[in-house]
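1. this is a predicted model, with the sequence first.
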Amino acid sequence: IAGIALCRNAFWVGQQTLSIFVTSENFAGLLLSKTTNARSHMRTIQKNLSHQQNPAGKPLLCGEFNKQMVCDAQTSSVKTSNRRVFLMANRIVLNPISYHGRGAIAEIANEVKARGLKKAFVCSDPDLLKFGVTKKVTDVLDNAGLDYEIYSNIKPNPTIENVQTGVAAYKKSGADYIIAIGGGSSMDTAKAIGIIINNPEFADVRSLEGVAPTKNKTVFTIAVPTTAGTAAEVTINYVITDVEKKRKFVCVDVHDIPEVAVIDPDMMSTMPKGLTAATGMDALTHAIEGFTTKAAWEMTDMFHLKAIEIISKSLRDAVKGTDAGRDGMALGQYIAGMGFSNVGLGIVHSMAHCLGAVYDTPHGVANAILLPTVMEYNAPVTGDKYKYIAIAMGVEGVENMTVDEYRKAACDAVKQLSQDVGIPADLKEIVNPDDLDFLAESAFADACRPANAPAGRGRHPYCSYEPRTKLSFRSLPFPFHSLSKCYPTGC
């Protein structure tokens, strides 16, 4: 035995799980789980990794990567053949309550009254106030005689300042719960505000980056999406922009998920075509990246494949403004969120975060442009997953295709959908070539990058998983060298 690591529970069902990782010459590890209902079991994991010996006496380092536990041998004197092992129990975190369907916002008053809550802190961006979208919810509160205060200092890519002023406004308001109305911007701002209010030791917003060890749940929150894309109402993630450093940072915290999500397609009916297309492609990116991430497993695969199917069938009609299309997108984006929030994303998002931070590029547009190129890059290490993506997107004859053919078919289907809904084909009008090195380094450092494929358990030929490795982005032969596609990045 080379080392033993005791890892904290990673299975979110209200049970305590003790996980022990043991390495030896013949086994990568054993997982022993003991739950409170006295059932215990053991399973062998990552077999056949023989000759992956640890130097004697080298302990394993354990930490949480997104929603999975990661154990990695110390690298000071480890042979390069040693590899990082992703393991432990799969954890699923979802809203305790969610409502779906037209007219669902009427349930907000019932939820508030049932809990005896007194005053809402309504987070919603200025455009939603201007066009009367927020009013649909405040009318429900008014009709029920419920008090509220509106906070709208929220930018499309919410900043540290937006959060800080929001925290101050919440304290001054006397509110005891939050209603987040909007897309990812409003919800991410609301999540950060709620976490800081109940965890004041994290008043420095930057301290929330990564997996912050908060102890308390966020302020009771009801989330009402107005776009069909971010799925922020069902995720444990939020993204804040650091204007000073020209970067976005991702925060992952099981304590930030809204207690109630209200997915009402009527709240999305005023979205213009461009926003509908961009947020819809964001949702598709969530589903495809989640399906091919390292941490993907059977339950999240079920969510992601169904989301890909619904989004592929619905997005074109949603852009045209049909009720059926909008209903489908409202559901599809939520299902995608149920999956990716629990297994992470990949380098499409790590690069899109940089574009948003530096150029204020709409997140969905950045994802849509980058997705086909990243899919082509990841294809060799995705096993047979692109086969199921192609089928879910309605490609015919997939069963008779070779591996290369169905991988190309999946990429082509994404490109066609993006083109059909009017997404720009490249980044030429967005990226300044002088920024490439900064963008690449920022993307490589982003929290989403380590979860990138291989879902097929392959290995990128030019990718190093050693955390101390610094790559020369311009010299790598990735398909990111051309601005007509995207920009250079690590793996």
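-> Right, received. Where do you want to start?
2. show me where pLDDT drops low in this structure?
-> Scanning the chain for pLDDT under 70 picks out the ranges 1-88, 454-491.
3. go again with 80.
-> 1-88, 360, 447, 453-491 (pLDDT under 80).
4. quick one: the helices in it?
-> Under the criterion DSSP state H, the chain contains helices at 107-115, 126-130, 133-143, 160-173, 184-198, 273-292, 298-320, 323-340, 347-359, 363-378, 385-392, 403-420, 436-445.
5. measure how the first one sits relative to helix 133-143, angle-wise.
-> In other words, helix 107-115. 40 degrees (axes from the mean of the first three to the mean of the last three C-alpha atoms, to 10 degrees).
6. CA atoms of helix 107-115 as PDB?
-> Backbone C-alpha positions of helix 107-115 (Å, rounded to 0.1, in the frame of the first residue of the first chain) are rendered in PDB as follows:
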ATOM      1  CA  GLU A 107     -47.000  29.600  -6.900                       C
ATOM      2  CA  ILE A 108     -44.500  32.100  -5.600                       C
ATOM      3  CA  ALA A 109     -47.000  33.700  -3.300                       C
ATOM      4  CA  ASN A 110     -48.000  30.300  -1.900                       C
ATOM      5  CA  GLU A 111     -44.400  29.300  -1.200                       C
ATOM      6  CA  VAL A 112     -43.700  32.600   0.600                       C
ATOM      7  CA  LYS A 113     -46.900  32.500   2.700                       C
ATOM      8  CA  ALA A 114     -46.300  28.900   3.700                       C
ATOM      9  CA  ARG A 115     -42.900  29.800   5.100                       C
END
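7. return the set of buried residues in it.
-> Of the residues in helix 107-115, 107, 108, 109, 111, 112 count as buried by neighbour count, 16 or more other C-beta atoms under 10 Å. Heads up, the C-betas are built off the backbone N, CA and C, glycines and all.
8. the fourth one - nearest residue in space that isn't next to it in sequence?
-> Beyond its immediate neighbours in the sequence, the residue positioned closest to residue 111 (C-beta to C-beta, 6 or more residues apart in numbering) is residue 260, lying 5.4 Å away.
9. so in terms of bridging, what pairs with that neighbour?
-> residue 97, residue 222 (DSSP bridges).
10. return the distance of it relative to residue 289.
-> According to C-beta to C-beta, to the nearest Å, residue 260 and residue 289 sit 27 Å apart.
11. who has more neighbours out of these two?
-> Legend: neighbour count by other C-beta atoms under 10 Å for residue 260 and residue 289, higher for residue 289 (31 against 22).
12. how much space separates the more buried one from residue 170?
-> In this structure, residue 289 lies at 33 Å from residue 170, with C-beta to C-beta as the measure.
13. same thing with residue 295?
-> Applying C-beta to C-beta to residue 295 and residue 170 gives a distance of 34 Å.
14. for residue 265, same thing?
-> 29 Å.
15. one more: residue 328?
-> Using C-beta to C-beta, one obtains 35 Å as the distance from residue 328 to residue 170.
16. likewise residue 231?
-> 24 Å.
17. now residue 400
-> On the measure of C-beta to C-beta, residue 400 and residue 170 end up 58 Å apart.
18. quick check: the residue nearest to residue 111 touching residue 97?
-> Yes - counting by C-beta atoms under 8 Å, residue 260 touches residue 97, with 4.9 Å between them.
19. find residues that contact each of those two.
-> Here residue 260 and residue 97 share the contacting residues residue 111, scored by C-beta atoms under 8 Å, 6 or more residues apart in numbering.
20. that older thread, what's the closest of the helices of the chain to residue 430?
-> Nearest to residue 430 among the helices of the chain is helix 347-359 (5.6 Å), distances taken as C-beta to C-beta.
21. which strands and helices sit next to the closest one?
-> Under the contact definition 3 or more C-beta pairs under 8 Å, 6 or more residues apart in numbering; DSSP states H and E, helix 347-359 sits against strand 237-242, strand 247-252, helix 273-292, helix 363-378, helix 436-445.
22. tell me the angle the third one makes with helix 347-359.
-> Using the same axes, to 10 degrees, the direction of helix 273-292 lies 140 degrees away from that of helix 347-359.
23. of all the helices and strands packed on helix 347-359, which lies closest to residue 224?
-> helix 273-292 (14.9 Å).
24. how far off centre is the closest one?
-> 11 Å (C-alpha atoms, centre = their mean, to the nearest Å).
25. then stretch 96-105?
-> Relative to its chain's centre, stretch 96-105 lies at 22 Å (C-alpha atoms, centre = their mean).
26. now do it: distance from first to last residue.
-> 17 Å (C-alpha to C-alpha, to the nearest Å).
27. just send the helices and strands packed on helix 347-359 back as CSV, with distance to residue 392 too.
-> Below are the helices and strands packed on helix 347-359 laid out as CSV (distance: least, C-beta to C-beta, whole Å):
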stretch, distance to residue 392
strand 237-242, 24
strand 247-252, 27
helix 273-292, 9
helix 363-378, 14
helix 436-445, 27
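28. would you mind saying which of the ones you listed lies nearest residue 303?
-> Nearest to residue 303 among the helices and strands packed on helix 347-359 is helix 273-292 (7.7 Å), distances taken as C-beta to C-beta.
29. what's the angle from the closest one to helix 323-340?
-> With the same axes, to 10 degrees applied, the angle from helix 273-292 to helix 323-340 works out at 40 degrees.
30. export helix 273-292 to PDB, keeping only CA atoms.
-> C-alpha atoms of helix 273-292 as PDB (Å, rounded to 0.1, in the frame of the first residue of the first chain):
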ATOM      1  CA  LYS A 273     -34.400  36.400 -31.400                       C
ATOM      2  CA  GLY A 274     -30.700  37.000 -30.800                       C
ATOM      3  CA  LEU A 275     -30.900  36.400 -27.100                       C
ATOM      4  CA  THR A 276     -33.100  33.300 -27.600                       C
ATOM      5  CA  ALA A 277     -30.500  31.900 -30.000                       C
ATOM      6  CA  ALA A 278     -27.500  32.700 -27.700                       C
ATOM      7  CA  THR A 279     -29.000  31.400 -24.500                       C
ATOM      8  CA  GLY A 280     -30.300  28.300 -26.300                       C
ATOM      9  CA  MET A 281     -26.800  27.500 -27.600                       C
ATOM     10  CA  ASP A 282     -25.500  28.100 -24.100                       C
ATOM     11  CA  ALA A 283     -27.900  25.400 -22.900                       C
ATOM     12  CA  LEU A 284     -26.800  23.000 -25.700                       C
ATOM     13  CA  THR A 285     -23.200  23.700 -24.700                       C
ATOM     14  CA  HIS A 286     -24.000  22.800 -21.100                       C
ATOM     15  CA  ALA A 287     -25.500  19.500 -22.200                       C
ATOM     16  CA  ILE A 288     -22.700  18.500 -24.600                       C
ATOM     17  CA  GLU A 289     -19.900  19.500 -22.300                       C
ATOM     18  CA  GLY A 290     -21.600  17.900 -19.300                       C
ATOM     19  CA  PHE A 291     -22.100  14.700 -21.300                       C
ATOM     20  CA  THR A 292     -18.400  14.500 -22.200                       C
END
